[in-house]
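Trainee: I would like the atomic coordinates for the input below:
(chains A and B)
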Amino acid sequence: MSSSSVTEPTTTGEPAQTGPTGAQRRYGLGAVALAIVVGMLLGVAAGALIARPGTPGDDSPEAGFARDMSTHHQQAVAMGLIAFQQGSDADVRSIGVDIAASQQGEYGMMQGWLRSWELDPTGEQPRMAWMPDGESMVDGGLMPGMASTEEMERLRTAQGKELDILFLEMMIKHHIGGIHMVDALLDQSDHELVTEAAQRMKNTQQKDLTNLRTALERLQG
Amino acid sequence: MSISTPGGNQRRPDVVSSGKKSGAGKPAGGNQSPASARKSTANRTSSGSAGKKGRKPITPVKVSQGTNWGPIALFAVVGLVAVSIVGYTAFLAFNGSKPWEERAAAIDGISNFRESDPELVAGGNHVTGSVNYTVVPPVAGEHNAAWQNCTGNVYDAPIANEHAVHSLEHGAIWITYRPDLAPEQVAKLQERVVGTEKMMMSPFDGLDSPISLQAWGYQLKLDNADDSRIDDFIRALRVNASIEGPNALCEQGVTATGTTPRNLAGM
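Mentor: I've put the predicted structure just below:
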């Protein structure tokens, strides 16, 4: 600025004293507003580059999905392990350990994403905030399809065929809720690593649902 | 204000004079050099003030042949806004990526036993029976082979330290509160626990503060469930404080209350 003001006096006359409003008159508030908007766009664009391109942020759908699906998965692991341990039906025990092992693996994968994105397992946002209307789906702190502490306790203390059927019913509900959350992620994200994994989760859970329903029909029939 | 005011002053006569000059310059033909020289000064000054914004500086030259202060001021504004947003984003990115240890250390009033007692925090052998913990509620050390379930479990009665410490080792945050804490305060704590894995809470007899938060190697004592440090503590330390990693289970453990540790065989 200082160097330009040195060259200026040669072309500038003295009389312009009413200046303060000059810029406003000629360019108007619209131009100033436009300048600010352009500046903000430039700033956001450059800022996005600084904040590591391609890496989901703390409030991104990808991070929200990884965190909330981690909690969701841990309950499936819990249910699956109970079925594996206490189920009376061989099919139920087998489905139980399959779900527990695969969801624990996916849990580790999602926690690994967060770590590689340099994000905490706990987000700044409330749970389900990444989903449109997600927070309204939280019922008593529980995400779609999740069982309450009381329901989990009922499963833990059930025995024999009663436990088998309870597990199948609870896991069917759990998977339907889980697939709902997967769909919400797929709607919002084009992050390849995450969407591919989410699609695989959906495939697995849909296959599980078929097997769970078949086993339920057999045990109830 | 101090920048825009002189710009406004000087621009008015400038536009007038540049109109005359370009009109006089064109027919002469040979009078190109002063115009182009001015062009280049305009270029330089505007690019300097707009702060390296690639194609922006060219625009004012098209509008007017003279040193036109209006656009320069405008682009200075553009540059200033852009630079401040970039700076703010950079600050956020830097701040957000600070290691969790630093963010934990920045929580006012936190006790960091990783620093003060590294031996205690190094790990814990499995033992049967009761353990005498030097820090109460305990934050690390020897513990029972069975952990207390910690997938968002809210216990309405005290639990065994020996199981709870094992849960801390698995990455859980254990919220404890004095049994006489007001129900609406308890409810606020509960909201942070229910439905989130690696979280659990229980009342704790003889607590020397209304609320105490525990993670493996860390403790924070508080008076009020509205304290924002609760969320800071959970955010920085849930799972992160675990010495075993996120895959440690918070299920298949003890779900019963009572302060006497149980043996796995008897469950």
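Trainee: excluding chain neighbours, what is closest to A:His175?
Mentor: Spatial nearest neighbour of A:His175, chain neighbours left out: A:Gln205 (4.6 Å); criterion: Cβ to Cβ, 6 or more residues apart in numbering or on different chains. Where C-beta positions appear, they are placed from N, C-alpha and C, glycine not excepted.
Trainee: what about that neighbour, neighbour count?
Mentor: Neighbourhood size, A:Gln205 [other Cβ atoms under 10 Å in any protein chain shown]: 22.
Trainee: assess the claim that it and A:Ile179 are in contact.
Mentor: Yes: between A:Gln205 and A:Ile179 there is a contact under Cβ atoms under 8 Å: 5.4 Å.
Trainee: quick check: the gap between the residue nearest to A:His175 and chain B.
Mentor: Distance check for A:Gln205 against chain B: by Cβ to the nearest Cβ, to the nearest Å, it reads 18 Å.
Trainee: same deal with A:Gly87?
Mentor: As judged by Cβ to the nearest Cβ, A:Gly87 and chain B stand 15 Å apart.
Trainee: quick one, what contacts that residue?
Mentor: For A:Gly87, the contacting residues are A:Arg93, A:Gly96, A:Leu163, A:Asp164, A:Phe167, by Cβ atoms under 8 Å, 6 or more residues apart in numbering or on different chains.
Trainee: ok, A:Trp130 next?
Mentor: A:Asp59, A:Ser60, A:Pro61, A:Ala63, A:Gly64, A:Phe65, A:Asp68, A:Ala184, A:Gln188.
Trainee: pLDDT wise, what is the fifth one at?
Mentor: Each residue has a pLDDT score; the one for A:Gly64 is 97.
Trainee: check whether the spatially closest residue to it that is not a sequence neighbour sits in a helix, strand or coil.
Mentor: Spatially, and ignoring its direct neighbours in sequence, A:Gly64 is nearest to A:Trp130 (2.6 Å; Cβ to Cβ, 6+ apart). At A:Trp130 the chain is in coil, as set by DSSP: H, G, I helix; E, B strand; the rest coil.
Trainee: cool, B:Lys221 as well?
Mentor: Under three-state DSSP, B:Lys221 comes out as strand.
Trainee: before we move on, what about A:Pro56?
Mentor: Assignment for A:Pro56 (three-state DSSP): coil.
Trainee: that one and chain B, how far apart?
Mentor: For A:Pro56 relative to chain B (Cβ to the nearest Cβ), the value is 12 Å.
Trainee: what does the stretch 51-200 of chain B put close to chain A?
Mentor: Within the stretch 51-200 of chain B, the residues that sit near chain A (Cβ under 8 Å from any Cβ of the partner chain) are B:53, B:66-67, B:69-70, B:72-75, B:77-86, B:88-90, B:92-93, B:96-97, B:100, B:151-154, B:191, B:193-198.
Trainee: which of the residues in stretch B:145-157 are buried?
Mentor: Neighbour-count burial for stretch B:145-157 flags B:Ala145, B:Ala146, B:Trp147, B:Gln148, B:Asn149, B:Cys150, B:Thr151, B:Gly152, B:Asn153, B:Val154, B:Tyr155 (criterion: 16 or more other Cβ atoms under 10 Å in any protein chain shown).
Trainee: also stretch A:211-221?
Mentor: By neighbour count on 16+ other Cβ under 10 Å, the buried set for stretch A:211-221 is A:Leu212, A:Ala215, A:Leu216.
Trainee: distance between stretch B:247-255 and the chain's centre?
Mentor: Here the centre of stretch B:247-255 is set off from its chain's centre by 29 Å, with Cα atoms, centre = their mean, to the nearest Å.
Trainee: which one among the contacts of A:Trp130 gets closest to chain B?
Mentor: A:Asp68 (9.2 Å; Cβ to the nearest Cβ).
Trainee: name the element the closest one belongs to?
Mentor: Element membership for A:Asp68, per DSSP states H and E: helix A:61-86.
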